[in-house]
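Chemist: Following is a predicted model, sequence given first.
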Amino acid sequence: MNINERYTLFPTTALIGMAIIAMICLGFWQLDRMHQKEIRLASITQKSQQSAISLDALDPRREDIRDYQVGFNGEVDTSQLLYLDNRVESGRVGFDIIAPVVTNEGIVLVNFGWVEAPLSREYLPRVNIRQGFRHFHGRITVPQNNPVVRETLTAGAAFPAIIQQVDIAFIRKLTGMNIAPFVVELTTPTEGEFVRSWQPVVMPPQKHLGYAIQWFGLAAAAGMVGYFALTSKNKG
């Protein structure tokens, strides 16, 4: 092989090598995600077997408060309802209905459940949330901001308001309330039009393992194809 042929093969070899490295990294990333899901599912199982705790027993600075069962009394502020957009239930598009609840431990956001969206985007579905003091029982979730999702509301918008994601900092500005940094998803029997079928872990660990095997398999295949392609050129 002369020098010109070597210079021609170098970019191809480098490209194949980078592709293989990228596939291997993606495979290990899927294995890491599988491990994270296994830890999360074990935590969910453990916390679901515990009795409900009070809001003031939560300490997000010291532990992962997700999935704790909580029970508390409070009063719903129905004047500041939030409709979380683009929520899908059994193939139907709708909203999660979220409202601030004033408690002795502070103000928390409570997710009452899913309701189906009307055919026209000009209207919002009507919901019936009783006012006054009441007892709540639910599961703690900690919303994560998605940088891909763009919020369409601005501070000072009218209520009820449609939000694209549960951004606690933005909702604090929107409502003017010092809201706790988590959401309580109600786990009590559904009332009226609400549907409550929470899925804290959407993709099981087994799927991540399957994706990891696929990436490792693609890396191996790319390596073999690259090897035979390069050796055939050398022979030529």
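Modeler: Here it is on my side, so go on. Numbers count the residues shown, from 1 in each chain.

Chemist: Show the subsequent helix or strand relative to the longest helix along the chain.
Modeler: Counting residues, the longest helix in the chain under DSSP state H turns out to be helix 3-48. Downstream of helix 3-48, the first helix or strand assigned by DSSP states H and E is strand 69-76.

Chemist: how about that next one as CSV, C-alpha atoms only?
Modeler: Provided in CSV are the C-alpha atoms of strand 69-76 (Å, rounded to 0.1, in the frame of the first residue of the first chain):
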residue,chain,number,x,y,z
GLN,A,69,-46.7,8.6,50.8
VAL,A,70,-48.0,11.7,52.6
GLY,A,71,-51.2,12.7,54.3
PHE,A,72,-52.1,16.2,55.2
ASN,A,73,-55.0,18.7,55.7
GLY,A,74,-55.4,21.8,53.6
GLU,A,75,-57.6,24.1,51.6
VAL,A,76,-57.6,24.2,47.8
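
Chemist: what does that strand contact?
Modeler: Here strand 69-76 makes contact (CB atoms under 8 Å, 6 or more residues apart in numbering) with 47-48, 50-55, 58, 99-105, 108, 110, 129-140, 184, 187. From N, CA and C alone the C-beta is placed, and that goes for glycine too.

Chemist: can you check stretch 39-46 too?
Modeler: Outside stretch 39-46, the residues touching it (CB under 8 Å, 6+ apart) are 64, 66, 67, 200, 201, 205.
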